[in-house]
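Trainee: just to be clear, the model below is a prediction. Sequence and coordinates:
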There are 2 protein chains.
Amino acid sequence: MIDQESSVAASDGLVRIRLDLSYDGADFAGWASQPGQRTVLGVVAGALEVLLPSSGPVTVAGRTDAGVHATGQVAHLDVAAEQWAGIGDLRAKLAGLLPHDVRVREVREVPAAFDARFAALWRRYVYRISDAPWGVEPLRRTDTLHWRRSLAEDVMQRSSTKLLGTHDFAAYCRRRAGATTIRELQHLKIERTGHLIEAEVQADAFCHSMVRSLIGALLAVGDGRRPPDWPASLLTLPARTGDLQVAPAHGLTLVAVGYPPDDQFAPRTKVTRTVRQLPGPD
Amino acid sequence: MIDQESSVAASDGLVRIRLDLSYDGADFAGWASQPGQRTVLGVVAGALEVLLPSSGPVTVAGRTDAGVHATGQVAHLDVAAEQWAGIGDLRAKLAGLLPHDVRVREVREVPAAFDARFAALWRRYVYRISDAPWGVEPLRRTDTLHWRRSLAEDVMQRSSTKLLGTHDFAAYCRRRAGATTIRELQHLKIERTGHLIEAEVQADAFCHSMVRSLIGALLAVGDGRRPPDWPASLLTLPARTGDLQVAPAHGLTLVAVGYPPDDQFAPRTKVTRTVRQLPGPD
């Protein structure tokens, strides 16, 4: 029961199950299993192995890094139909087995064509920042970055508009061999409430460290170290630049993943797989 | 520099300073100093002693119990005018010295008649409850109670209206010798957002464990164990009843304290001191 790059549609005798999860990333070395590390997948898969010993691997919508949180993570797995029929209230059983820093909020049977990763239309993250001179509200210090210089959120918002749309985000991505870095940034909204700044960022998908790199660029604009057109100017670069600081993990939360209607899972999965297999433009 | 029952107005050569504080109560044995325990006052007073060695005792608006949080706590202390003149940015210095689970959000000079405890017009608390079958959103588990039975928030709201006004809350108070248990409950509002129920409770002042006892009574009504008129019926009791469960500390946060305009501090303090010195009606 380990994570995998892709998954196959549930076959005969199997039932596909969707899980909606929340977690506090502070004490996890990210989503994906790593030997000797406490990971979200490791903990969830461990509980599933107890309850559904024959279940298949768990596929997730967004493989979050160490320290990143989730309130809207989505995963799927295949379970033998016989076991599924006899499991009873799986959600309640998972609530009893799992530690308090990870919760399975919903468990439901989905069409065999549902794929948590490849059927997703978009992922949405929120990054929380406090620029208060006194620090971060203590009850929210787990998921809020303290920024020591004051931030001009209106400048950050204007600067971000040029990043919207389909671009090669190579400058914002940790490169993986054979993977494209072209993404559609659909939405980037920055709102201030007192000393709290929340950046809501949505794309069809994000490459590795992309949200935190985008936030790093906007922080440099917000506190005046870089001009407002700097984040968009990086889109011309063929690869990551050392000028760009990746914002710390603990300010970031995966809040939602969007999917098409039930009868559109298979076409969407086909499109996504094709796009991801194209090489990058460089 | 210890807490005290009352405080005197700042005298010549002293400046009265108001502190606005937030804290995560999880790792504190409450506000008030206790030998061998980590308390909010102990930590804050320790930092003040470093920065302002001649400052007087710290008086607080609400002496929160072990595990109770604050986003709107208020305190005052007197500082030698000479030291105050040379301190510079005390708030920034406190931010550097204090641990991350307690923050001083504001520091300002106030009229000598200001008294964080006795000049207060009201205290406002919020109690957070999740009745989700899957538990509590992990990022908010520090300040949210999990209730395993589903709650009828509309019944809780209706039940609470009969508690409003001036009553003897003896049934809801841990008794202290010579102290009245008459309080004015000004506001009790219960709101649900999904699985989260927030109860906002405001009174002129609260006796010991009063908010948590009120919430305990409303939880019994909300999950159907008691009839809606039960919380108000307890107001006829002369003392605490074993039937009433005190809700756990970690769901409770002191969110605000209200004060009169600057020229009304002294009259308000006089009224409060007189009321508090009256014996209870029993």
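Mentor: Right, received. Where do you want to start?

Trainee: so the residue lying closest to A:A247 once chain neighbours are set aside: helix, strand or coil?
Mentor: Distance criterion C-beta to C-beta, 6 or more residues apart in numbering or on different chains; nearest residue to A:A247, sequence neighbours excluded, is A:I215 at 4.0 Å. Placement of C-beta: from N, CA and C, glycine included. Under DSSP: H, G, I helix; E, B strand; the rest coil, the three-state class of A:I215 is helix.

Trainee: so A:I215 makes contact with A:I197?
Mentor: No: in this structure, A:I215 is not within contact of A:I197 by C-beta atoms under 8 Å, at 10.0 Å.

Trainee: more neighbours, the two?
Mentor: A:I215 (27 against 24; other C-beta atoms under 10 Å in any protein chain shown).

Trainee: still on that earlier bit, need the overlap of contacts for A:I215 and A:I197.
Mentor: A:I129 (C-beta atoms under 8 Å, 6 or more residues apart in numbering or on different chains).

Trainee: run a quick neighbour tally on the residue of the stretch 151-282 of chain A found nearest chain B.
Mentor: When distances are taken as C-beta to the nearest C-beta, the stretch 151-282 of chain A reaches nearest to chain B at A:T253, 7.2 Å away. The tally of other residues near A:T253 (other C-beta under 10 Å) stands at 25.

Trainee: next: the one 5 residues further on.
Mentor: For A:G258, the tally of surrounding residues (other C-beta under 10 Å) stands at 16.

Trainee: over to A:H187?
Mentor: A:H187, neighbours per other C-beta under 10 Å, totals 12.

Trainee: partner residues bridging the residue nearest to it when sequence neighbours are not counted?
Mentor: Leaving aside its chain neighbours, A:H187 sits nearest to A:Q202 (3.9 Å; criterion: C-beta to C-beta, 6+ apart). A:Q202 forms beta bridges with A:R124, A:H187, as assigned by DSSP bridges.

Trainee: surely A:Q202 meets A:Q186?
Mentor: Yes: assessed by C-beta under 8 Å, A:Q202 is found in contact with A:Q186 at 4.7 Å.

Trainee: more neighbours, those two?
Mentor: More crowded of A:Q202 and A:Q186, by other C-beta under 10 Å: A:Q202, with 21 against 17.

Trainee: residue contacts, the more buried one?
Mentor: Contacts of A:Q202 by C-beta under 8 Å, 6+ apart are A:W122, A:R123, A:R124, A:Y125, A:L185, A:Q186, A:H187, A:L188.

Trainee: next up, the contacts around A:A232.
Mentor: Contacts of A:A232 by C-beta under 8 Å, 6+ apart are A:S159, A:K162, A:L163.

Trainee: which of those residues fall within helices?
Mentor: Among the contacts of A:A232, the members falling in helices (DSSP state H) are A:S159.

Trainee: which one of the contacts of A:A232 has the most neighbours?
Mentor: A:S159 (24 neighbours).

Trainee: quick one: the helices in the stretch 101-250 of chain A, in order.
Mentor: For the stretch 101-250 of chain A, applying DSSP state H, counting those that start in this stretch gives helices covering A:153-161, A:210-222, A:230-233.

Trainee: winner for burial among those?
Mentor: With neighbours taken as mean count of other C-beta atoms under 10 Å in any protein chain shown, those reach their highest mean count in helix A:210-222, at a mean of 25.

Trainee: please name every helix or strand in contact with it.
Mentor: Using 3 or more C-beta pairs under 8 Å, 6 or more residues apart in numbering or on different chains; DSSP states H and E as the contact test, the elements touching helix A:210-222 are strand A:122-130, helix A:153-161, strand A:182-193, strand A:196-203, helix A:230-233, strand A:252-258.

Trainee: so the longest one versus strand A:122-130, what angle?
Mentor: Think strand A:182-193. Orientation note: strand A:182-193 sits at an angle of 40 degrees relative to strand A:122-130 (axes from the mean of the first three to the mean of the last three C-alpha atoms, to 10 degrees).

Trainee: same check, this time on the second one
Mentor: For helix A:153-161 against strand A:122-130, the angle by the same axes, to 10 degrees is 150 degrees.

Trainee: what about helix A:153-161, distance to the chain center?
Mentor: Computed by C-alpha atoms, centre = their mean, to the nearest Å, the chain-centroid distance of helix A:153-161 equals 23 Å.

Trainee: re earlier: now the helices and strands packed on helix A:210-222 in CSV, with mean pLDDT?
Mentor: Output for the helices and strands packed on helix A:210-222, formatted as CSV (pLDDT from 0 to 100):
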stretch, mean pLDDT
strand A:122-130, 98
helix A:153-161, 97
strand A:182-193, 97
strand A:196-203, 98
helix A:230-233, 97
strand A:252-258, 98
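
Trainee: mind checking the ones you listed for the one nearest to B:V40?
Mentor: strand A:122-130 (20.2 Å; C-beta to C-beta).
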